[in-house]
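Undergrad: got a sequence here, can you build the structure:
(one chain, ligands or ions: 1)
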Amino acid sequence: MITYTPTLLNSKDNSYPELFKRNSQNPIITSKDLPYPAHTIFNPGATIFENKTLLLARVEDRQGFSHLAKAISKDGVSNWIFDRGPTMNAEPNIHPEERWGIEDPRITWMTELEKWAITYTSFSRTGPLISLALTSDFINFEKQGSIMPPDDKDAALFPRRFNGKYILIHRPYSEGHKAHIWISSSTDLKNWGDHQILLNARNGGWWDANKIGLSAQPLETSEGWLILYHGVKNTVAGAIYRLGLALLDLENPAKVLKRSNEWIFGPKEPYEKFGDVSDVVFPCGWILDEHTSIVNMYYGGADSCIGLASANLCELLQYMHSCPEPCEDD
Ligand code: BMA
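TA: So this is what the prediction gives:
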């Protein structure tokens, strides 16, 4: 039986208070900001590079194909500096799996390698799959090729090894089945095994029924790895992409400690509700400021632009404490 506990209810006006508050300058980036013609810019990965905020966003051109473009800003909100052209292009001649573009990058600083790992979706002739690239400067990218066959998306690495193994979160999918979030491990970042479900898509009327996927890269906190994920609800008017949280054990990320029952962020503003794909908020990266404890979440709005919403990490963890342990039967 489902017991409903409205954990986020605001006693003052009966509305749900938002953990993540939208920036007043939203959308902070649109395709008009790029120094070259592009249709849309959205779904950015995020990291800190040379003490500045670096976004690596998906840019779609008028052929319908995507490449990645970087944007760097001192305050993480305004004055974004872009490369003159695409930062990372699909290279189907060398990597045939990148035939129809590259999308949705997640960025992880890999302590041992002293490089950033970028896990992104390659749009191959046989469906989306996960590719990996390494970089130390966001100018030169060492493409490692595909690391998971199609259909697979929404992947990010943990920054360090656990018992000698790298760990990847990803979202394989096969027609006619629910899309759950999986976790796998590898000793060389190339050969992956120990595949198991980490978070299951729920059933029936849940906001995250049938299809979920990782959003931003895992965020290490004193309480565990904070996981931001999207849930897709299918309605007669189309799909709605919303966000939830989970907390994983610090030493064993395959163990889920908590999972939010409610979505914590969803499409509300016009730039999230209307665009190429309406009713979508889709973050691929977030950044924690260790001094202020503010988490900046960068997200695609309606597959058309980039928004920023910020939360206090203490409030996020407090909220996680109020959440239940995951329940298999939901
Ligand atoms: C997902 C991905 C995202 C996109 C979202 C909504 O499957 O393709 O890039 O933002 O759908 O269209």
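Undergrad: where does the stretch 1-150 of the chain come near the ligand, residue by residue?
TA: By CB under 6 Å from any ligand atom, the residues of the stretch 1-150 of the chain that approach the ligand are 43, 103-104. C-betas here are computed from N, CA, C, even on glycine.
Undergrad: so which of the residues you listed is the most crowded?
TA: Neighbour counts for these (other CB atoms under 10 Å) peak at residue 43, which has 29 neighbours.
Undergrad: and for the closest residue to that residue other than its chain neighbours, the neighbour number?
TA: Of all residues not flanking residue 43 in the chain, residue 300 sits nearest, at 3.8 Å (CB to CB, 6 or more residues apart in numbering). By other CB under 10 Å, the residues close to residue 300 number 29.
Undergrad: ok, now residue 285?
TA: Residue 285: 27 neighbours (other CB under 10 Å).
Undergrad: just the pLDDT for the nearest residue to it once chain neighbours are set aside.
TA: Take residue 285 and drop its neighbours on the chain: the residue closest to it by CB to CB, 6+ apart is residue 46, 2.9 Å away. Predicted confidence (pLDDT) for residue 46: 99.
Undergrad: residue 330 now?
TA: Residue 330 is given a pLDDT of 78.
Undergrad: from residue 307, how far off is it?
TA: 29 Å (CB to CB, to the nearest Å).
Undergrad: and the helix or strand that contains residue 283, what's buried?
TA: Assigned by DSSP states H and E, residue 283 belongs to strand 281-289. If you call a residue buried by 16 or more other CB atoms under 10 Å, then strand 281-289 has these buried ones: 281-288.
Undergrad: quick revisit: residue 330 and residue 307: who's more crowded?
TA: residue 307 (25 against 16).
Undergrad: so the more buried one: helix, strand or coil?
TA: strand (DSSP: H, G, I helix; E, B strand; the rest coil).
Undergrad: next one: residue 316
TA: The three-state assignment at residue 316 reads helix, by three-state DSSP.
Undergrad: check contacts around the residue most central in space within the chain.
TA: Compute the mean C-alpha point of the chain, and by CA atoms, centre = their mean the closest residue is residue 215, 2.3 Å away. Neighbour list for residue 215: 154, 228-230, 243, 282-284, 299 [criterion: CB atoms under 8 Å, 6 or more residues apart in numbering].
Undergrad: also residue 200?
TA: By CB under 8 Å, 6+ apart, the neighbours of residue 200 are 178, 180-181, 212, 326, 328, 330.
Undergrad: buried only: go through the residues you listed for me.
TA: Here, 16+ other CB under 10 Å leaves 180-181, 212, 326, 330 buried among the contacts of residue 200.
Undergrad: roughly how far is the strand holding residue 283 from the heart of the chain?
TA: On the basis of CA atoms, centre = their mean, to the nearest Å, strand 281-289 sits 7 Å off its chain's mean C-alpha point.
Undergrad: what packs against it?
TA: strand 40-49, strand 52-60, strand 102-110, strand 224-235, strand 238-248, strand 294-301 (3 or more CB pairs under 8 Å, 6 or more residues apart in numbering; DSSP states H and E).
Undergrad: which strand residues bridge the residue nearest to residue 285?
TA: For residue 46, the beta-bridge partners under DSSP bridges are residue 55.
Undergrad: just checking, it touches residue 70?
TA: No - with contact defined as CB atoms under 8 Å, residue 46 does not reach residue 70; the gap is 10.5 Å.
Undergrad: residue 43 contacts residue 55, doesn't it?
TA: No - if you go by CB under 8 Å, residue 43 and residue 55 don't touch, sitting 10.0 Å apart.
Undergrad: any chance of the contacts of residue 200 in JSON lines, plus distance to the ligand and secondary structure?
TA: Converted to JSON lines, the contacts of residue 200 look like this (distance: CB to the nearest ligand atom, whole Å; DSSP: H, G, I helix; E, B strand; the rest coil):
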{"residue": "178", "distance to the ligand": "15", "secondary structure": "coil"}
{"residue": "180", "distance to the ligand": "15", "secondary structure": "coil"}
{"residue": "181", "distance to the ligand": "14", "secondary structure": "strand"}
{"residue": "212", "distance to the ligand": "11", "secondary structure": "strand"}
{"residue": "326", "distance to the ligand": "23", "secondary structure": "coil"}
{"residue": "328", "distance to the ligand": "25", "secondary structure": "coil"}
{"residue": "330", "distance to the ligand": "22", "secondary structure": "coil"}
